[in-house]
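J.: Dropping a prediction and its sequence here:
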Amino acid sequence: MSKRIFAILLAAAGAATAQDRTIAAGAHVGWVGFSKDGATLRAGCNDRKLREFDLSSGSLRNSIAWGEGENPAPVSAPSGLVAVSSKQGIALLQLGSGSVVRRIPMERASRRVAIADDGQALAGAIRVAGLSREEVMRLWDASGKERFAAPSGIGGTSAIAMSPDGSLLAAGSWDTNVRVWSTRNGELVRLISDDLPVAMFDMAFTPDGKSLAAAGVDRMVYFWDTKTWKLARKLTGQPEMIHSLAFSGDGRLLATGGFNDIAEKHPVSILVWDVASGKVLQTLSAPHMVSSVALSPDGKLLAAASGDNLVRLWSVR
């Protein structure tokens with residue numbers, strides 16, 4: 001191979017993985033997400049604001065503010081809702097207007113929240129009163145009526161996800177177990193314990209609902225078949241502990257990002273996987289811990305929050 005051809009190949013490889021651009025959010029970014037149509041980028045920031053940016057221009061379209069002591073969960077893009085938890089309960093806000101759709105009063109704040117894609121169900125993990133380290137998973141329907149309350153493990157909920165059709169709720173706990181409930185009546189469909197030696201930090205159902213993916217301390221991505229609940233496979237190759245994962249809209253791509261176990265302020269990798277083959281298609285570099293990743297609905301763009309006031313964007317091959 002000639003030096004000229006080798007240089008061209010190196011340049012092409014660098015261009016494919018280089019950061020495309022950034023959007024300045026004006027405050028530390030905790031999580032990111034795309035709108036259902038992919039035209040809007042959302043950033044949850046630590047100055048108690050959710051900011052919505054026009055993806056093509058990077059200009060600020062809208063911001064929704066919340067009060068002291070209120071904690072917003074990452075947005076459910078299909079539902080168009082954001083859940084804000086506080087000691088008074090959970091408020092569901094409509095994206096765009098920021099108007100309150102409904103309030104669910106509670107005796108203490110919910111630690112983790114999930115919203116059904118159709119907005120017809122909301123789940124939250126709540127610590128048992130007193131000195132207990134146990135939590136209870138509660139689920140409410142669209143009217144705010146509680147459908148069930150079930151034990152959800154010891155030590156707190158580390159990850160939560162609802163299936164695309166809203167029929168299943170899954171949650172990982174610091175006790176290293178994953179529990180799956182029927183959202184209809186709270187029946188414990190599956191307790192996953194033997195497959196997991198460590199806690200999971202994030203989880204998501206594939207868009208077709210056929211698999212549940214989870215990842216965490218041991219740098220692996222686990223896939224379970226949602227019909228049999230058998231462990232289907234594991235993806236290995238992430239250099240760091242995985243803090244966040246996200247699928248593209250068609251389910252063909254998976255993005256994962258995490259943090260170095262020595263220091264948060266340490267460069268880390270974001271991987272883009274081909275789900276069918278389990279191969280890494282792209283390796284991207286982030287300067288700090290990656291708290292959140294998101295793939296656009298068409299799978300052509302990846303966004304990440306990485307320990308500062310910027311949202312980083314890359315083109316996906």
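T.: Thanks, I have it. Residues are numbered from 1 along each chain as shown.

J.: My guess is Ala303 contacts Leu313. True?
T.: Yes - the criterion here is CB atoms under 8 Å, and Ala303 meets it with Leu313 at 5.5 Å. Just so you know, the C-beta spots here come from the backbone N, C-alpha and C atoms, and that holds for glycine as well.

J.: Now do the shared contacts for these two.
T.: Residues touching both Ala303 and Leu313 (CB atoms under 8 Å, 6 or more residues apart in numbering) are Leu41.

J.: more neighbours, those two?
T.: Comparing Ala303 with Leu313 by other CB atoms under 10 Å, the one with more neighbours is Ala303, at 25 against 19.

J.: so which strand or helix has the more buried one?
T.: Using DSSP states H and E, Ala303 maps to strand 301-305.

J.: quick one: strands adjacent to that strand?
T.: Its sheet considered, strand 301-305 pairs with strand 292-295 (antiparallel), strand 310-315 (antiparallel) by DSSP bridges.

J.: Excluding residues flanking it in the chain, which one is nearest Asp261?
T.: Once flanking residues are discounted, Asp261 sits nearest to Met241: 5.8 Å by CB to CB, 6 or more residues apart in numbering.

J.: Let me see the contact set for the one you found.
T.: 201, 216-219, 258-261.

J.: what about the strand or helix carrying Ala43, distance to the chain center?
T.: Using DSSP H and E, Ala43 maps to strand 40-45. Counting by CA atoms, centre = their mean, to the nearest Å, strand 40-45 is centred 13 Å from the centre of its parent chain.

J.: The helix or strand following it pairs with which strands, parallel or anti?
T.: Next along the chain after strand 40-45, taking DSSP H and E as the criterion, comes strand 49-54. As defined by DSSP bridges, the strand partners of strand 49-54 come to strand 40-45 (antiparallel), strand 60-65 (antiparallel).

J.: Single out the most deeply packed of the strands paired with strand 301-305.
T.: Most buried of the strands paired with strand 301-305, by mean neighbour count (mean count of other CB atoms under 10 Å): strand 292-295, with a mean of 26.

J.: burial measure for the closest residue to Val221 other than its chain neighbours, as a count.
T.: Excluding its sequence neighbours, the residue lying closest to Val221 (CB to CB, 6+ apart) is Leu235, at 4.1 Å. A total of 22 residues lie near Leu235 under the criterion other CB under 10 Å.

J.: right, and Leu235 touches Val272 too?
T.: No - using CB under 8 Å, Leu235 is not in contact with Val272; the gap is 11.7 Å.

J.: any residues in contact with both of the two?
T.: What both Leu235 and Val272 touch, as defined by CB under 8 Å, 6+ apart, is the set Leu254.

J.: related to what we said a few turns ago, ranking by neighbours, what's the top pick from the contacts of Met241?
T.: Gly258 (28 neighbours).

J.: Mind telling me what element it is part of?
T.: Following DSSP H and E, one finds Gly258 within strand 253-259.

J.: now the angle between strand 301-305 and that strand, please.
T.: With axes from the mean of the first three to the mean of the last three CA atoms, to 10 degrees as the basis, strand 253-259 and strand 301-305 are set at 20 degrees to each other.

J.: Give the buried residues for the helix or strand harbouring Gly33.
T.: Assigned by DSSP H and E, Gly33 falls within strand 29-34. Within strand 29-34, the residues that count as buried by 16 or more other CB atoms under 10 Å are 29-34.
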